[in-house]
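1. Have a look at this fold, sequence not included:
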């Protein structure tokens, strides 16, 4: 299930071509039977209706909303923007989904990061830079300040 971006539509077309070649080629009957049985059906949400995307589109909406409001009119270098996007991604993928266990003493939440790397993507706290004027900060500190505003 995905939106109908060009890269997804192209990947779907490529997979269909490979599937057709595998079925018409000199593959064993067991392989052909398996491919016909399992198959890959790629479903696309309707164009221009991101709310049909559910949770993944909600995450993108949240990302865009906060990115625009924290970066504002700042001019960032490529490295700053990349660092900032990676930091945002880590924050969004560290949000709690549910408790890890039913034990009331276990306060660790299950996060999307657990599905990506097997654990949360959080890191140690840093100096609070939210109230410092951006002109007084290094490029790294400015990127960290925007992350803290996020």
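-> Perfect, I can see it now. Quick caveat, the model's predicted, so the values are computed rather than measured.
2. From here on, just use CA atoms for contacts and neighbour counts.
-> Will do.
3. By mean pLDDT, which helix or strand of the protein comes out lowest?
-> The least trusted helix or strand in the chain, going by mean pLDDT, DSSP states H and E, turns out to be helix 29-38, with a mean of 77.
4. and the next element down the chain from that helix?
-> Per DSSP states H and E, helix 29-38 leads on to helix 55-71 as the next helix or strand towards the C-terminus.
5. Go through that following helix and flag the buried ones.
-> For helix 55-71, the buried set under the neighbour-count rule, 16 or more other CA atoms under 10 Å, comprises 57, 63, 66-67, 71.
6. avg pLDDT for it?
-> Here helix 55-71 scores 83 as its mean pLDDT.
7. start the count at 51, not 1, going forward
-> Shifting the count to begin at 51 puts that one at helix 105-121.
8. Against which helices or strands is the least confident helix or strand of the chain packed?
-> On a contact count with 3 or more CA pairs under 8 Å, 6 or more residues apart in numbering; DSSP states H and E, helix 79-88 meets helix 56-74.
9. what separates the spatially most central residue of the chain from residue 176, distance-wise?
-> Nearest to the geometric centre of the chain sits residue 139, at 6.7 Å (CA atoms, centre = their mean). Noted for residue 139: a distance of 18 Å to residue 176, by CA to CA, to the nearest Å.
10. can you check residue 150 too?
-> Applying CA to CA, the value for residue 150 to residue 176 is 26 Å.
11. Okay, now the unreliable bits of this protein?
-> Applying pLDDT under 70 to the chain picks out residues 77, 172-175.
12. ok, back up a step: how about the nearest residue to the residue nearest to the centre of the chain, chain neighbours excluded?
-> residue 113 (8.0 Å; CA to CA, 6 or more residues apart in numbering).
13. Is it correct that that neighbour is in contact with residue 138?
-> Yes: using CA atoms under 8 Å, residue 113 makes contact with residue 138 at a distance of 7.3 Å.
14. which neighbours do these two share?
-> Common contact partners of residue 113 and residue 138 (CA atoms under 8 Å, 6 or more residues apart in numbering): none.
15. Domain-wise, how is this protein divided?
-> Following automatic domain parsing, one gets these domains for the chain: 51-100, 104-199.
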